[in-house]
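In: Can you look at this prediction? I've put the sequence above it.
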Amino acid sequence: MTRKLYIRTFGCQMNEYDSDKMADVLHAAEGMTLTERPEDADVILFNTCSVREKAAERVFHDLGRVRALKAVRPELLIGVGGCVASQEGAAIVARAPYVDVVFGPQTLHRLPQLIERRRATGRAQVDVSFPEIEKFDRLPPPRVERASAYISIMEGCSKYCSFCVVPYTRGEEVSRPFDDVLTEVADLADQGVMELTLLGQNVNAYRGAQGNAGGVADLATLLEYIAEIPGVERIRYTTSHPKEMSARLIAAHGTIDKLVAQLHLPVQSGSDRILAAMKRGYTALEYKSIIRRLRAARPDISLSTDFIVGFPGETETDFAQTMNLVETVGFDGAFSFLYSARPGTPAAELRDEIPPAEKQARLMRLQALVDTQHGANSAAMVGTLQRVLVTGHAARDTRELCARAANNRVVNLAGAAQLIGSYVDVRITAALPHSLRGELAVL
Ligand code: SAM
Ligand code: F3S
């Protein structure tokens, strides 16, 4: 009988990508297939995140719940991966002895061996080392069922923002070799992928070794080459760091048509004092200058960002500067988070005296402003023609289709299921808070 795998994923797109890879390696090694129901699973994996909140506590809480399943079926294996695993390592097994394997973001390709060793020895296996790029060489080739795909091109982060755990949990920046990425993209395109998202914790810090030439390619060069691969229609990349928005990369937004007119560029705050305390390495003016040059290269570019609200010492004046930046840049979307002190980071040592109610109120004001701008941009799209990728059936009404516009908005429309997986031209007929409605355009 085929063994079943259940994966619970927390956190960012990198983690979602890694979860897919966990499923791939276990499928390749043991023929395991995914299940939605933990009760049916032979292996349960938690892919954890420690960027915010009391993430480790949440993992132990969830682990407690699957423990009951193991009491009924002792052969059930439980694994913990991701950033909490990376930080806590063997401490997870010490606290939850029913956990069988603990692995980090850089060792997930070793899962089959870890599971095998656990079965052979009866002892929990822990491997949260950082064997650099080995992971990519050991992963099975991507299997594709959709017209869009994610491809990880670099891992880790060497920026060490004062509030963030990522450099400690995922290690320093490491890029995949240039030729490997191109081969994988060509392979994906052969399998029908038309829309590609290049992924990395700081994806624009990409520096891929070029085999024959002996040089190093940056993201701008990689984008130029990918755009030449037949079948690739649209390219996105995420997440970027403002310090890595080189002149070449900005220019690429003007010269590479296949690069979408959309960019997610985390700014975190509009106050120079707070940006310095966060060790972001740029000022608000420098950020605005990047945006000005991007708009000069690609006037229709839509911009989204990340904010942290309530960083220690943030005053009402600092926050007003953040609100001001939202308006001047005209952000179309933002992930905004309440600051959460992460053990082991320099900012965790700072005195945090802002009352929680105050932080919460600022967060609401910020989100309301971003929502208003998003709504205004959606309203302005009504009546326009948009080329969208039909991704599947609509969530609410499965007789309808759902599609994705270049600026990442969901567009629902009536149409035949055969359109799934292709690009169509749609006239936008209505703007709703979280999606748009459209109809197939007769050109
Ligand atoms: N590479 C990206 C950049 O240029 O900033 C960020 C990647 S980070 C994993 C994703 C987002 O999580 C950050 O942009 C930040 O807004 C948020 N984040 C990270 N640490 C945080 C913390 N301690 N508290 C609240 N939010 C945090
Ligand atoms: Fe974190 Fe800053 Fe890197 S937010 S992922 S340390 S760029």
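Out: The structure has been received and is ready for your questions. Ligands and ions are numbered 1, 2, ... in the order given.

In: does residue 4 really touch residue 32, like I thought?
Out: Yes: if you go by CB atoms under 8 Å, residue 4 and residue 32 touch, sitting 6.8 Å apart. Just so you know, the C-beta spots here come from the backbone N, C-alpha and C atoms, and that holds for glycine as well.

In: shared neighbours, these two?
Out: 42-43 (CB atoms under 8 Å, 6 or more residues apart in numbering).

In: what residues does this protein put near ligand 1?
Out: 12, 51-52, 163-164, 166, 201-202, 239, 241, 266, 268, 306, 308, 337, 339-340, 342 (CB under 6 Å from any ligand atom).

In: Strands - which of those land there?
Out: 306, 308, 337 (DSSP state E).

In: quick one: contacts for the first one?
Out: By CB under 8 Å, 6+ apart, the contact list for residue 306 reads 239, 264, 266-268, 334-337.

In: if we can go back for a sec, ok, residue 4 and residue 32, which is more surrounded?
Out: residue 32 (22 against 18; other CB atoms under 10 Å).

In: looking at this protein, which helix or strand does the model trust least?
Out: helix 134-138 (a mean of 70; mean pLDDT, DSSP states H and E).

In: In CSV, please show the C-alpha coordinates belonging to it.
Out: Output of helix 134-138 as CSV, limited to C-alpha atoms (Å, rounded to 0.1, in the frame of the first residue of the first chain):
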residue,chain,number,x,y,z
GLU,A,134,24.3,20.3,-1.5
LYS,A,135,20.5,20.4,-1.1
PHE,A,136,19.8,21.5,-4.7
ASP,A,137,22.0,18.8,-6.1
ARG,A,138,20.2,16.1,-4.3
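
In: Run through the neighbouring helices and strands of the helix or strand following that helix.
Out: Remark: after helix 134-138, the chain's next helix or strand is strand 148-152, criterion DSSP states H and E. Strand 148-152 sits against helix 13-30, helix 178-190, strand 195-199, with contacts defined as 3 or more CB pairs under 8 Å, 6 or more residues apart in numbering; DSSP states H and E.

In: again, only this time at 10 Å
Out: For strand 148-152, the elements it packs on are helix 13-30, helix 178-190, strand 195-199, strand 234-238, judged by 3 or more CB pairs under 10 Å, 6 or more residues apart in numbering; DSSP states H and E.

In: Could you point out which of the ones you listed sits nearest residue 37?
Out: helix 13-30 (15.1 Å; CB to CB).

In: And the residue nearest to residue 237 when sequence neighbours are not counted, what's its pLDDT?
Out: Leaving aside its sequence neighbours, residue 237 sits nearest to residue 198 (CB to CB, 6 or more residues apart in numbering; 4.1 Å). Confidence at residue 198, expressed as pLDDT, is 96.

In: which residues does residue 81 bridge with?
Out: Per DSSP bridges, the residues bridged to residue 81 are residue 47.

In: Provide a list of residues in contact with it.
Out: With contacts defined as CB atoms under 10 Å, 6 or more residues apart in numbering, residue 81 is in contact with 7, 9, 15, 18-19, 22, 45-48, 101-105, 107-108, 111, 114, 128.

In: what does residue 180 give?
Out: Taking CB under 10 Å, 6+ apart, one finds 133, 136-137, 153, 208-209, 211 in contact with residue 180.

In: measure it to ligand 1 for me?
Out: 22 Å (CB to the nearest ligand atom, to the nearest Å).

In: Can you give me the distance of that residue to ligand 2?
Out: From residue 180 to ligand 2 the distance is 23 Å (CB to the nearest ligand atom).

In: quick one: what helix or strand has the closest residue to residue 365 other than its chain neighbours in it?
Out: With sequence-adjacent residues excluded and distances taken as CB to CB, 6+ apart, residue 365 is closest to residue 323, at 6.9 Å. Using DSSP H and E, the element containing residue 323 is helix 316-329.
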